[in-house]
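Novice: just a sequence and a predicted model for now, questions to come.
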Amino acid sequence: MTTTIIRAACPHDCPDTCALLVSVEKGVATKVRGDPEHPTTAGVLCTKVARYTERTYHPERLLYPLRRVGAKGEGRFERISWDEALETIAARLKEIAARNPQAILPYSYAGTMGLVQGDSMSARFFHKLGASRLDRTICASAGAAGIGYTLGAKVGMDIEQVQDAKVILIWGGNPIASNVHFWMRAQEARRRGAILVAIDPYRSLTAEKCNIHIAPLPGTDAALALGIMHILIRDDLLDHDYIARYTLGFDELRHRALEWPPVRVAQICGLPAGQIEHLAHLYGATARAGQPVAIRLNYGLQRVHGGGMAVRNVTCLPALVGAWRHAAGGVQLSASDSFPKDTPALQRPDLLPGAMPRMINMSTIGNDLVREASPGFGPRIEAIIVYNANPVAVAPESPKVAQGFAREDLFTVVLEHFQTDTADYADILLPATTQLEHADVHLSYGHLYMVANNPAIAAMGEAKPNTEIFRLLAARMGFDDACFADSDDDIASQAFNKADRRAAGFDWQELKLKGWRKLAIPDAPFAEGGFPTPSGKCEFHSARMLADGLDPLPSYIAPYESLASNPELGKRYPLAMISPPARNFLNSTFVNVQSLRSTEGEPHLELHPVDAAVRGIVSGDRVRIRNDRGAFTACARVTENTRPGLVVGLSIWWKKLASDGKNANELTSQRLTDMGRAPTFYDVLVEVEKTGMEE
Ligand code: SF4
């Protein structure tokens, strides 16, 4: 039998953006593997995407447009034609838009990271309509703000160099589960003599395998970074030449950092002072010896009240020790701003009909869906179009989100592959194609390659690409601007600014054939400064922060909910809870893939033996986790992987696939971070009790 190999890209919300090779036989995708020639993928895929055909050919794929026939949330639908679906949607949107188009809200995030199927035709549609804009904050905007003030943008070291580092701090992430290709290089660095340090309140799979694990209390990473700065300055483990040439505000930073001796930091972080001393010396002395030191920062630490500041503080460290001088030194949170993405061409904000519409924060959708019209808020939300997102499972304070989606007068359209928790609330549910069925082009937030995705198979059933759905809707709405006729190939060819030296001469037709191409960025890009800040330097003191009403220097902002910051709440809810990604899920994607869910088993709550003993809990007990916002149940796992006072519920489960129909977001809050307007998923106090039922 003839096998055709199609070049593709992994679309999921993962820094690795793997280059894929899809085997197709008689129109059927039979295998998905990593491209062995792509330098970062190196022929390896995570367990989730290695089983991509199971997801694509899943018996529960949505194949036809559906109309709700049951109550909202019940998930009962009947099949309708595309014609009827599009006409129903267009008629309702026209009626609402005639009163006020800002009563219509798009809701999307990273269900696909593709620049075509993500937000291109959809953004054009909502711009032309004059709909409310969505503030896409759910994952990374606090960290983006913190690194933006300090380094100027989401830029950093090239992860392809990290095997040459001698010390690697893996801070706020679990790469074995969510950045496996970085982990492969970190392991190679270790084989070459590097010391790996995990900084994470939880002993994750990664932390278990590092040389050193440092477990600060959740939400205290900013203080830990200040303590490291204190020791580097006190013990003169600095690169004075780098500081003088390429940084701004060192004298002010020195005064600030000297207010943070290790004993003070130790008390806030719940760590031994000696451990902080050791960490700072390992980092500073290695750099001083002329060796590369790297920090792989991930998004865990920015999901708390002071999350933006935590990222800012950590991203100051490489400049203090001159780590940027080395290709294998510096810090990476995200590489996404390294790409000259041509957002105006893709999304056409010039189509906006009048004044800039209001912005609704996706992280407070629970409150905003039930908010009445007011002069401050604007019109009540009357219609929501959800694509590439599953807010009923993912957005914080889930009971309120579900309450909002249950509004009888809310017109809800959902574009999906499966009948998710959110799809159950749709009035019209539209079948979308998966990555194997459509074209796309990708940047990466973990490496520096543009990656092409060619369609490997025909669309399943009557599924359509997001672009085509919005193209058809635009036609029904009477939008006749030429950009609504752009094909997916046309859009992909507009993805990057060809005039920018980093993607000079970008040619979509060429990329489609070759599969991937690296940006033209020098090794050690900040060896001689040149940061994309207003000063061109690493800004220890930030005038922009001052202008934005923030402390212009690195500082510490305590969690909203911790025993230290809110002792009254702590009496009722003495345990901190975090809900980091389960290895076999990716946000809420893959939870309905049976083989992956079977590996995860069922929702678990990990708690320390000390906390378990006082509550009479043993492994296998069913426990109820609660606070004032809600409750969910899970199977207890008593383990020293957590620290006393911390419970961990690996996530994000579909609510309807959990035995009680709930997940950890029953307990998370809609409070926002210090900067970036992001959610505070890991800033949560809870109590845990045995339910009396054993597994
Ligand atoms: S989820 Fe990440 S590691 Fe897995 S295939 Fe996609 S990009 Fe690669």
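Specialist: Cool, the structure landed. Bear in mind that the values here come from a model prediction, so they are computed numbers and not experimental data.
Novice: near the ligand, which residues of this structure show up?
Specialist: With CB under 6 Å from any ligand atom as the criterion, the chain meets the ligand at residues 10, 12, 14, 16-18, 45-46, 48-49, 180, 586. Every C-beta, even on glycine, is put in place using the N, C-alpha and C of the backbone.
Novice: in CSV, list those residues along with neighbour count.
Specialist: Output for the residues of the chain next to the ligand, formatted as CSV (neighbours: other CB atoms under 10 Å):
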residue, neighbour count
C10, 27
H12, 21
C14, 25
D16, 27
T17, 26
C18, 31
L45, 20
C46, 23
K48, 21
V49, 21
V180, 19
L586, 23
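Novice: and for the top helix by length along the chain, what's in contact with it?
Specialist: Ordering each helix of the chain by length in residues (DSSP state H) puts helix 82-99 first. Helix 82-99 is contacted by residues 65, 67, 80, 103-104, 129-131, 379, 382-383, 411, 413, 428, 430, 462, 464, 472-473, 476-477 when judged by CB atoms under 8 Å, 6 or more residues apart in numbering.
Novice: average pLDDT for it, rounded please.
Specialist: The average of the pLDDT scores along helix 82-99 is 98.
Novice: tell me the buried residues in it?
Specialist: 85-86, 88-90, 92-93, 96-97 (16 or more other CB atoms under 10 Å).
Novice: also stretch 242-253?
Specialist: Here stretch 242-253 shows 242-243, 246-250, 253 as buried, counting by 16+ other CB under 10 Å.
Novice: excluding its backbone neighbours, what's nearest L258?
Specialist: Counting by CB to CB, 6 or more residues apart in numbering, H230 is the residue found nearest to L258 once chain neighbours are left out, at 6.2 Å.
Novice: gap between the one you found and the ligand?
Specialist: 37 Å (CB to the nearest ligand atom, to the nearest Å).
Novice: name the next helix or strand following the helix or strand hosting that residue along the chain.
Specialist: For H230, the enclosing helix or strand under DSSP states H and E is helix 221-234. Following helix 221-234 in sequence order, the next helix or strand is helix 240-246 (DSSP H and E).
Novice: so L258 sits against I233, correct?
Specialist: Yes - contact criterion CB atoms under 8 Å: L258 and I233 qualify, at 6.6 Å.
Novice: so for those two, which residue has more residues nearby?
Specialist: I233 (21 against 13; other CB atoms under 10 Å).
Novice: and the more buried one, what does it touch?
Specialist: So I233 contacts 254, 257-258, 320 (CB under 8 Å, 6+ apart).
Novice: can you redo these as JSON lines with secondary structure, pLDDT and distance to Y283?
Specialist: Formatted as JSON lines, the contacts of I233 follow (DSSP: H, G, I helix; E, B strand; the rest coil; pLDDT from 0 to 100; distance: CB to CB, whole Å):
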{"residue": "R254", "secondary structure": "helix", "pLDDT": "98", "distance to Y283": "18"}
{"residue": "A257", "secondary structure": "helix", "pLDDT": "98", "distance to Y283": "14"}
{"residue": "L258", "secondary structure": "coil", "pLDDT": "96", "distance to Y283": "18"}
{"residue": "L320", "secondary structure": "helix", "pLDDT": "98", "distance to Y283": "9"}
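Novice: redo these as a markdown table? Include distance to F496.
Specialist: Listed next are those as a markdown table, based on distance: CB to CB, whole Å:
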| residue | distance to F496 |
| --- | --- |
| R254 | 41 |
| A257 | 40 |
| L258 | 45 |
| L320 | 34 |
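Novice: which stretches in the stretch 501-650 of the chain count as helices?
Specialist: Listed in chain order, the helices of the stretch 501-650 of the chain (DSSP state H, counting those that start in this stretch) span residues 508-514, 543-547, 567-572, 594-600, 609-614.
Novice: where does the prediction get shaky in the stretch 51-200 of the chain?
Specialist: By pLDDT under 70, the stretch 51-200 of the chain contains no weakly predicted segment.
Novice: low pLDDT regions in the stretch 401-550 of the chain?
Specialist: Ranges of the stretch 401-550 of the chain meeting pLDDT under 70: none found.
Novice: rerun that using 90 as the cut-off
Specialist: 505 (pLDDT under 90).
Novice: what is the burial count for the closest residue to D16 other than its chain neighbours?
Specialist: Among residues not flanking D16 along the chain, H181 sits closest, at 4.6 Å (CB to CB, 6+ apart). Using other CB under 10 Å as the criterion, H181 is surrounded by 26 other residues.
Novice: what about H181, helix or strand, and which?
Specialist: helix 180-191.
Novice: and the angle from the following helix or strand past that helix to helix 180-191?
Specialist: For helix 180-191, the following helix or strand on the C-terminal side (DSSP H and E) is strand 195-199. Orientation check (axes from the mean of the first three to the mean of the last three CA atoms, to 10 degrees): strand 195-199 against helix 180-191 gives 140 degrees.
Novice: if I look at T364, how far off is A186?
Specialist: As judged by CB to CB, to the nearest Å, T364 and A186 stand 36 Å apart.
Novice: one more: S204?
Specialist: Distance from S204 to A186, by CB to CB: 13 Å.
Novice: go on, P272?
Specialist: Where A186 is concerned, P272 sits at a distance of 25 Å (CB to CB).
Novice: and these two? which has more neighbours close in?
Specialist: A186 (26 against 12).
Novice: list the contacts of the more buried one.
Specialist: Going by CB under 8 Å, 6+ apart, the list of residues near A186 reads 162-163, 168, 170, 175, 194, 196, 296.
Novice: can you show me the strands along the stretch 1-150 of the chain?
Specialist: 3-9, 19-25, 28-34, 66-68, 77-79, 104-108, 133-135 (DSSP state E, counting those that start in this stretch).
Novice: ok, the stretch 251-400 of the chain next?
Specialist: Going by DSSP E, counting those that start in this stretch, the stretch 251-400 of the chain shows strands at 293-297, 330-332, 359-361, 383-387.
Novice: export those as CSV, with columns for mean pLDDT and mean neighbour count.
Specialist: Shown next, in CSV, are the strands of the stretch 251-400 of the chain (pLDDT from 0 to 100; neighbours: other CB atoms under 10 Å):
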stretch, mean pLDDT, mean neighbour count
strand 293-297, 98, 28
strand 330-332, 98, 27
strand 359-361, 98, 18
strand 383-387, 98, 26
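Novice: redo those as TSV? Include distance to S669.
Specialist: Converted to TSV, the strands of the stretch 251-400 of the chain look like this (distance: least, CB to CB, whole Å):
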stretch	distance to S669
strand 293-297	24
strand 330-332	29
strand 359-361	14
strand 383-387	21
